[in-house]
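In: quick one: sequence and predicted model below, then my questions.
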Amino acid sequence: MLLRKEADLHTHTTASDGTQRPAANVRMAYEAGLGAIAITDHDTVSGVAEALKAGRELGIDVIPGIEISTVANGQDIHVLGYYIQIDDVQFLQRLESLRETRTVRNQMMISRLQELGFDITMAEVLEEVANTKGKGDTVGRPHLAAVLLNKGYVSSISEAFDKYLGTGAAAYANPPRIEPATAIQWIHEAGGKAVLAHPGLYHDDALVEEITRQGLDGIEVYHSDHTPEEEAKYLLLAQSSGLLVTAGSDFHGERGGVVFHAPIGSKRIGIDVLQSLQTIKEQRS
């Protein structure tokens, strides 16, 4: 009998910039032998209810989650939230404001792409996602990249990010956003637990250490883009700071034959961390 004692705590669905429905992510987690999976879409919880239903049907725990977009020192910083109350009215209103900022950012990047000579419009991006998006879902850079790929401007999604959409690339834009401390506060006020996502991607350990002192509850030590050396470094930081250790694949589905960032279950953590997340949440409330 398979003992399902591990969890993948970072996955995305069609509710944000993933390519699979929430229920499909849950099924993949089940097939990967996991006992739990978190749905952590960008600035939305619209995919959580479907995932919870699938989890009940398959007998696998689904953690209601979020990945909130923030800015610090001029770069994107992502804060994961776990066991949030997905029907909290104030939290939902706050997420809506973040999605409005995303819309502004998308248009800024499209304008820059147009200045670079690309024939691309917001209408085309919205048409690209028309069959997969519902109320409360988000549109982001991967959807712009998909249009660039479909029109032959790039040969892959990776090229679109490397040349045009990634941090510091030719069409990159980053409008004013909330700071990590605000996201941490919002997650706590919605009954959840705040974890810093993929600290190795920021290339600024002084900033990472500063954020750990802003009320964080954990660090995503094990991530698909972390090297073994980075995992060891952030494990030590988590332990010395008294923070929980989490792991996640950051699965976004497949585009152009490539899985982003990695398959579900490729990074996993012992399921006992869920008890710690819930216990701390209950202590806070």
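Out: That came through fine.
In: how about the helices of the stretch 51-200 of the chain, start to end?
Out: 89-115, 122-129, 141-150, 157-160, 180-189 (DSSP state H, counting those that start in this stretch).
In: export those helices to a markdown table and append columns for distance to residue 261 and mean neighbour count.
Out: For every residue, glycine as well, the C-beta is placed using N, CA and C. A markdown table is the format used below for those (distance: least, Cβ to Cβ, whole Å; neighbours: other Cβ atoms under 10 Å):
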| stretch | distance to residue 261 | mean neighbour count |
| --- | --- | --- |
| helix 89-115 | 20 | 16 |
| helix 122-129 | 20 | 16 |
| helix 141-150 | 12 | 21 |
| helix 157-160 | 11 | 20 |
| helix 180-189 | 21 | 21 |
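In: residue 252: which of these is closest?
Out: helix 141-150 (7.0 Å; Cβ to Cβ).
In: got the angle between the closest one and helix 122-129?
Out: If you take axes from the mean of the first three to the mean of the last three Cα atoms, to 10 degrees, helix 141-150 sits at 100 degrees to helix 122-129.
In: now residue 64. Nearest residue, chain neighbours left out?
Out: residue 48 (4.6 Å; Cβ to Cβ, 6 or more residues apart in numbering).
In: nearest residue to the one residue sitting closest to the centre of the chain in space, please, no chain neighbours.
Out: For the chain, the residue nearest the mean C-alpha position is residue 67 (4.3 Å; Cα atoms, centre = their mean). Of all residues not flanking residue 67 in the chain, residue 40 sits nearest, at 4.6 Å (Cβ to Cβ, 6+ apart).
In: same deal with residue 162?
Out: In space, residue 162 is closest to residue 169, 6.8 Å off (Cβ to Cβ, 6+ apart).
In: now do residue 153
Out: residue 118 (5.8 Å).
In: returning to what we had before: distance to residue 4 added to the helices of the stretch 51-200 of the chain, as JSON lines?
Out: Formatted as JSON lines, the helices of the stretch 51-200 of the chain follow (distance: least, Cβ to Cβ, whole Å):
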{"stretch": "helix 89-115", "distance to residue 4": "30"}
{"stretch": "helix 122-129", "distance to residue 4": "33"}
{"stretch": "helix 141-150", "distance to residue 4": "30"}
{"stretch": "helix 157-160", "distance to residue 4": "32"}
{"stretch": "helix 180-189", "distance to residue 4": "27"}
